[in-house]
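Undergrad: need a structure here:
(2 chains)
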Amino acid sequence: MSAQSACSTLLPDEWRKGVDGAPLPDGDTVGDWIAFGDAQTGQLDKANDRYKAAVGIVARCEERDRAAVKRSRPKVLGIF
Amino acid sequence: MNLSPLSRWWQGFALPGKLVLIAASALFVLVVALGIRSALIGNAKVETRLARNQAEAATQSGSDAVETVGRQQSAEVATDTITKENDHAIRSAQGADAPVAPAAAAAGRASLCRRAAYRERPECVQHAPAR
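TA: Alright, predicted model coming up:
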């Protein structure tokens, strides 16, 4: 039997490191801290979207592999 | 005339029975031959078909991954654009330049430095308590 593809190798190495947090506020005004909060939320969005994308890539890859094995099933007496 | 037991057995059948026996024997030989053929050739064909189908699946999965990662990268660029626009809007808002009490700001930074995402940052490492 041929080996199935390792679906997780399709994911970029960079994604394994995760998404960095937003830069710490460089000042101490109200605006600095609110802007930091918003920037941090943007990074959270990136992390969530990468997770969904990664799960989708692996799930679809595994389904294709299953379908490939199913299509290759041996035929009875070489006919059916 | 002395007949063998097999000949006597065969001669015991009427013509229709003999034809049925011949047809059944031929069918049996055919099934056995197809089974042997399937065993000899079938496995090689299955392996070839499986390898071809898996290669096709791997190509499609590769293309899917490239497209999905590309879309994610575009989405992240768009997120950064929103962050810049929001930053400008926040800092332009009335009261944005009001100072945060130094103790509150220090507590905020210390809190962030306790998080795994910030623990190794230079701002956190230089202020880490001596061990």
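Undergrad: and B:L19, how far from B:V66?
TA: 66 Å (C-beta to C-beta, to the nearest Å). (Glycine included, C-beta is placed from N, CA and C.)
Undergrad: no wait, B:A44
TA: According to C-beta to C-beta, B:A44 and B:V66 sit 34 Å apart.
Undergrad: repeat for A:G31
TA: 40 Å.
Undergrad: cool, B:G12 as well?
TA: The gap separating B:G12 from B:V66 is 76 Å, by C-beta to C-beta.
Undergrad: also B:R119?
TA: 34 Å.
Undergrad: equivalent analysis for A:A22, please.
TA: For A:A22, the distance to B:V66 - C-beta to C-beta - is 28 Å.
Undergrad: higher neighbour count, the two?
TA: Each of A:A22 and B:V66 has its neighbours counted (other C-beta atoms under 10 Å in any protein chain shown); A:A22 has more, 20 against 12.
Undergrad: wait, a helix at the more buried one?
TA: No - counting by DSSP: H, G, I helix; E, B strand; the rest coil, A:A22 is not part of a helix but coil.
Undergrad: tell me the pLDDT of residue 20.
TA: I went with chain A, as the question did not name one. Note for A:D20: predicted pLDDT of 96.
Undergrad: actually it's chain B I care about, not the one you picked
TA: Note for B:V20: predicted pLDDT of 90.
Undergrad: and the one 5 residues further on, by the same measure?
TA: Model confidence at B:S25, expressed as pLDDT, equals 91.
Undergrad: for B:L112, see how far away the residue in chain B that chain A sits nearest to is.
TA: Closest contact between chain B and chain A, by C-beta to the nearest C-beta, is at B:A96 (3.1 Å). Shown here: B:A96 relative to B:L112, a distance of 20 Å by C-beta to C-beta.
Undergrad: nearest residue to the residue nearest in space to the middle of chain B other than its sequence neighbours?
TA: What sits nearest the mean C-alpha location of chain B, by C-alpha atoms, centre = their mean, is B:S61, with 8.1 Å. Leaving out its chain neighbours, the residue that sits closest to B:S61 by C-beta to C-beta, 6 or more residues apart in numbering or on different chains is A:C61, at 4.0 Å.
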